[in-house]
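Asker: Using only what follows, build the 3D model:
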Amino acid sequence: MRILNIILVLFLFSITTTAAIRYVSKTGSSTPPFTSWETASDSIQKCINICVFGDTIIVANGRYNEALVVNVDLTLIGSSMDSCIIDGTGFWAVTQFTIDVYAKLKISGFTILPNRNPGVGCSVFIEPGHSCEIDNCRIIRGTLQPSWNADLIAKHLVITETGGWTIFSLGNLLVVENTIIVNERDQVSKVGIYSDVDSAKIVNNIIIGIRPGSPFAQGSGIRIETLRKAYIANNIVSGFYPNIEIYNYIPNYTGEICNNLTCYYIPDSIGQVSGL
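Answerer: Just a heads-up that it's a prediction; the model follows:
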């Protein structure tokens, strides 16, 4: 009988922790567990709070004025980057980031606004030991930042009105593909993509730097702090000074930089190896 009870408990536990599809909409009744459009949550964070490992959240069109803390592995799908907006404006006192990732997050189909306006805030911050795969999103006035020992995969993004650091990576893995970055706010020092990671793949991107009153932005379009395992290819980088910069080189590590369209520049700063 005791064994039967244990089996029953395990069976009930497996039912309650089965991954589910949950919904967020401005028109739902906001009735947990948010498993239909009729009972959809009116808040993305409210829906995240009841999620279990592997859940998927589908978000209807609308503006969701909130900052998110993601602490369970899940997939977050917005209806469209043109009409589904996560707006962190005004939440700086609560959290420094519009989306703070303490898990393995996959996110697509959103416009993401930072939590400081005016100014530039961090749109997505990945805490140490965690990861984020972001696809088909628009980032406005914000940055993407993996912390130490964190991974970022960024594909098919449009990042505009940025200043300072646009993608700033100190983690294990950085992948940036098929992304448009326009770094155009009035700041003296700007970087499109900064990488100091074990492995970086930066391919098929358009990275443009503009400083008001100047034909270029002072700073790097792509800056590799330490060349370990890196593949940088098929990028169009323009308007930075320099456009592509390798700051330090470690012997016996592999790096390949090829087929990039940019103006050639020989840097004069101490410690730099090459710049394009």
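Asker: mind listing what the residue positioned nearest the centre of the chain touches?
Answerer: The chain has Leu144 as the residue nearest its centroid, 4.3 Å off, counting by C-alpha atoms, centre = their mean. Leu144 is in contact with Cys122, Ser123, Val124, Ile134, Leu152, Ala154, Ile159, Thr166, Ile167, Phe168, counting by C-beta atoms under 8 Å, 6 or more residues apart in numbering. For every residue, glycine as well, the C-beta is placed using N, CA and C.
Asker: Can you give me the end-to-end span of stretch 113-129?
Answerer: Counting by C-alpha to C-alpha, to the nearest Å, you get 25 Å between the two ends of stretch 113-129.
Asker: how far does that stretch sit from the chain's center?
Answerer: Taking C-alpha atoms, centre = their mean, to the nearest Å, one finds stretch 113-129 lying 9 Å from the centre of the chain it belongs to.
Asker: what is the rounded mean pLDDT of that stretch?
Answerer: For stretch 113-129, mean pLDDT rounds to 78.
Asker: which residues sit against it?
Answerer: With C-beta under 8 Å, 6+ apart as the contact definition, stretch 113-129 has outside contacts at 67, 85-92, 95-102, 107, 112, 132, 134, 139-152, 162-164, 171, 185.
Asker: ok, Ile232 to Ile222 distance?
Answerer: Remark: distance between Ile232 and Ile222 (C-beta to C-beta, to the nearest Å) = 6 Å.
Asker: Those two: which has the busier surroundings?
Answerer: Ile222 (30 against 26; other C-beta atoms under 10 Å).
Asker: domain ranges for this structure?
Answerer: Domain ranges of the chain: 28-162, 163-276, per automatic domain parsing.
Asker: Among those domains, single out whichever gets nearest to Ile21.
Answerer: Minimum separation from Ile21 across the domains of the chain (C-beta to C-beta) falls at domain 28-162, 4.9 Å.
Asker: what's the offset of the closest one from the middle of its chain?
Answerer: 9 Å.
Asker: going forward can the numbers begin at 723, since that is how I track them
Answerer: Done: numbering now begins at 723, and the last item shifts to domain 750-884.
Asker: how long is that domain from one end to the other?
Answerer: 35 Å.
Asker: would you list every one of the helices in the chain?
Answerer: In the chain, the helices defined using DSSP state H lie at 724-738, 766-770.
Asker: Report pLDDT for Tyr963.
Answerer: Taking Tyr963 on its own, its pLDDT is 79.
Asker: rewinding a little: mind picking the lowest-pLDDT entry from the contacts of Leu866?
Answerer: On pLDDT alone, Cys844 ranks lowest of the contacts of Leu866, at 82.
Asker: Can you tell me the closest non-neighbouring residue to it?
Answerer: In space, and not counting its chain neighbours, Cys844 is closest to Phe819: 4.6 Å by C-beta to C-beta, 6 or more residues apart in numbering.
Asker: quick one, what contacts that neighbour?
Answerer: Listed by C-beta under 8 Å, 6+ apart, the contact partners of Phe819 are Ala789, Gly810, Asn837, Gly843, Cys844, Ser845, Val846, Phe847.
Asker: Ok, Asn871 next?
Answerer: Contact analysis of Asn871 by C-beta under 8 Å, 6+ apart lists Pro850, Gly851, Gly893, Asn894.
Asker: how does it look with 6 Å?
Answerer: Residues counted as contacts of Asn871 (C-beta atoms under 6 Å, 6 or more residues apart in numbering) are Pro850, Gly851.
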